[in-house]
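*Asks:* Provide a 3D model corresponding to the input given below.
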Amino acid sequence: MAEIKNIVVLYGGSSSEREVSLKSGKGINQSLLEIGLESSLKDFSDIKNLQSLAEYDLVFIALHGFEGESGRLQKELDNLNIRYTGSSSIACMNTWNKSSFKKILEENAISTPRGFSVERLDASMESPFAIFYNKHNTAIEKMFLKPVEDGSSIDIFEINSDNDLTNSINKSINPDRPFIFEEAIKNREFTVTILNNQCLPILEIITQNSFYDYDAKYISNDTQLLEADLCKEDKERINDLSLRAYKETGCSGWGRVDILQDTDEQFYILEINTVPGMTSHSCVPRSAALAGFSYNDLVEQIIKDAAK
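*Replies:* Below is the predicted model:
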C-alpha cells in the first residue's frame, strides 16, 4: 500500500455542477486536515497543466460534472501516472454517458427504465410518446427528459404531453446536445452507497418535488434521506442489483447507485455516480453515518482504497 501524506482536492471547474463541487471539495479538505494529513484545494478551472499535480501523493477528485466524471480527467491522470480516488477512466465513461450505461445494463439483463435517445431537442420532432410506443410497443403517460451527459439532475424535465416537450426545449440550458427520453417509474426511490465493494445502508429519498432534482438534492430542507424501511429480501435484492451494475460497469473505490421501485415492487437501476456529492445535503455521508462512519471515517476509507 502506497503511503499517502500529501493530498490535493480537485474541485470547482466550469460545469453546471460547479457550486456543488465547491461545497464537496471544501468539506473533504477540512476533513483531511482534521485527520492529520496535508491537504490543498485546487480549482480545476485554474489548472493549466495536470502535470503540476504530480507533486502530491494523491488527487482526491471532488470535481462533479463532465470534467470530473466523464473519464477524461482519469485518463489524463493515468497517462501521467498520478494516483487518484474513485473509479477508472473506463468505468467513468461507462456510467457518465446514459445511453452507453443503459446498453451495458441491458446486455447484462440488469433492469433499468426503458427509453430512447435523440441527437438534439427539436420542436418539430415526432411525439416522444409515439416514438416510445413504436420502439417498445407500450403506451406510457409520463416520461423524463434528461441530457445524455450531465449530472445533479440539471436540465431534467417531466414530460406528460407533447406541449411539455416544447416548454422543456424553451427552458433547457442547452437543447442542442444529445438527450434521452426515459419512462417514468413512480413509486419509491432509493440510493445505495458502495464503499470498497460493500453496500452501506440503503436510503429512501422522499421529496416534495416531482422528482429528486437539483433543488431537492442541494437546496431544499424538506428533502428527507431516511434509512429504507424494507424487508430483508428487498434489501438483498437492491444490494445485489446495485453491486451487479457497479461491477459490470467496472466501478471501484466508492460510488452511489440510484434505484427506482415501481408499483409492482420491481427495482430498476437509474444511474451510477462515480463522484457523488459530499455536501451536508448529500446521500453518501448520510448513508455512511447510518453505518457508523463519521464524515472523517468516510474520507479516510476512500483514501485507503486509492492507496492500494
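
*Asks:* low-scoring stretches of the stretch 101-250 of the chain, by residue?
*Replies:* 151-153, 208-222 (pLDDT under 70).

*Asks:* Now do the helices in it.
*Replies:* 128-136, 162-171, 214-218, 232-248 (DSSP state H, counting those that start in this stretch).

*Asks:* by contact count, what packs against the second one?
*Replies:* Just to be clear, that refers to helix 162-171. Packed against helix 162-171 by the contact rule (3 or more C-beta pairs under 8 Å, 6 or more residues apart in numbering; DSSP states H and E) you find helix 128-136, strand 157-159. Any C-beta I mention is one placed from the backbone N, CA and C, and that applies to glycine too.

*Asks:* The same query, at a cut-off of 7 Å, please.
*Replies:* strand 157-159 (3 or more C-beta pairs under 7 Å, 6 or more residues apart in numbering; DSSP states H and E).

*Asks:* Can you tell me the strand partners of the strand it packs on and which way each runs?
*Replies:* Strand 157-159 has the following strand partners under DSSP bridges: strand 143-147 (antiparallel).

*Asks:* quick one: the partner strand to chain centroid distance?
*Replies:* 15 Å (C-alpha atoms, centre = their mean, to the nearest Å).

*Asks:* How about stretch 58-71?
*Replies:* For stretch 58-71, the distance to the chain centre is 11 Å (C-alpha atoms, centre = their mean).

*Asks:* start to end distance for that stretch?
*Replies:* Start-to-end span of stretch 58-71 (C-alpha to C-alpha, to the nearest Å) is 17 Å.

*Asks:* ditto for stretch 80-95
*Replies:* Using C-alpha to C-alpha, the two ends of stretch 80-95 sit 23 Å apart.

*Asks:* Going by neighbour count, which residues in it are buried?
*Replies:* 82-89, 91-95 (16 or more other C-beta atoms under 10 Å).

*Asks:* Kindly export stretch 30-46 (C-alpha atoms) in CSV.
*Replies:* The C-alpha trace of stretch 30-46 is given here as CSV (Å, rounded to 0.1, in the frame of the first residue of the first chain):
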residue,chain,number,x,y,z
GLN,A,30,-11.4,20.2,6.1
SER,A,31,-11.8,16.5,6.8
LEU,A,32,-8.3,15.7,5.5
LEU,A,33,-6.8,18.4,7.7
GLU,A,34,-8.7,17.1,10.7
ILE,A,35,-7.4,13.6,10.0
GLY,A,36,-3.9,15.0,10.2
LEU,A,37,-2.9,14.9,6.5
GLU,A,38,-1.5,17.7,4.4
SER,A,39,-4.2,18.9,2.1
SER,A,40,-4.6,21.6,-0.6
LEU,A,41,-7.6,22.8,-2.6
LYS,A,42,-7.2,23.4,-6.3
ASP,A,43,-9.9,24.7,-8.6
PHE,A,44,-9.8,22.8,-11.8
SER,A,45,-10.5,26.0,-13.7
ASP,A,46,-7.2,27.4,-12.5
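
*Asks:* Distance from the chain centre to that stretch, please.
*Replies:* 22 Å.

*Asks:* ok, back up a step: so can I have TSV of the helices of the stretch 101-250 of the chain showing distance to Thr112 and mean neighbour count?
*Replies:* Below are the helices of the stretch 101-250 of the chain laid out as TSV (distance: least, C-beta to C-beta, whole Å; neighbours: other C-beta atoms under 10 Å):
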stretch	distance to Thr112	mean neighbour count
helix 128-136	13	15
helix 162-171	22	14
helix 214-218	21	18
helix 232-248	8	17
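
*Asks:* So for Asn296, which of the ones you listed sits nearest?
*Replies:* Comparing those by their distance to Asn296 (C-beta to C-beta), the top pick is helix 214-218, with 21.8 Å.

*Asks:* Closest to Ser39 out of the buried residues of stretch 80-95?
*Replies:* Thr85 (12.6 Å).

*Asks:* Now do the contacts for the nearest residue to the closest one once chain neighbours are set aside.
*Replies:* Leaving aside its sequence neighbours, Thr85 sits nearest to Ala306 (C-beta to C-beta, 6 or more residues apart in numbering; 4.5 Å). Ala306 sits next to Leu58, Arg83, Tyr84, Thr85, Gly253 when contact means C-beta atoms under 7 Å, 6 or more residues apart in numbering.
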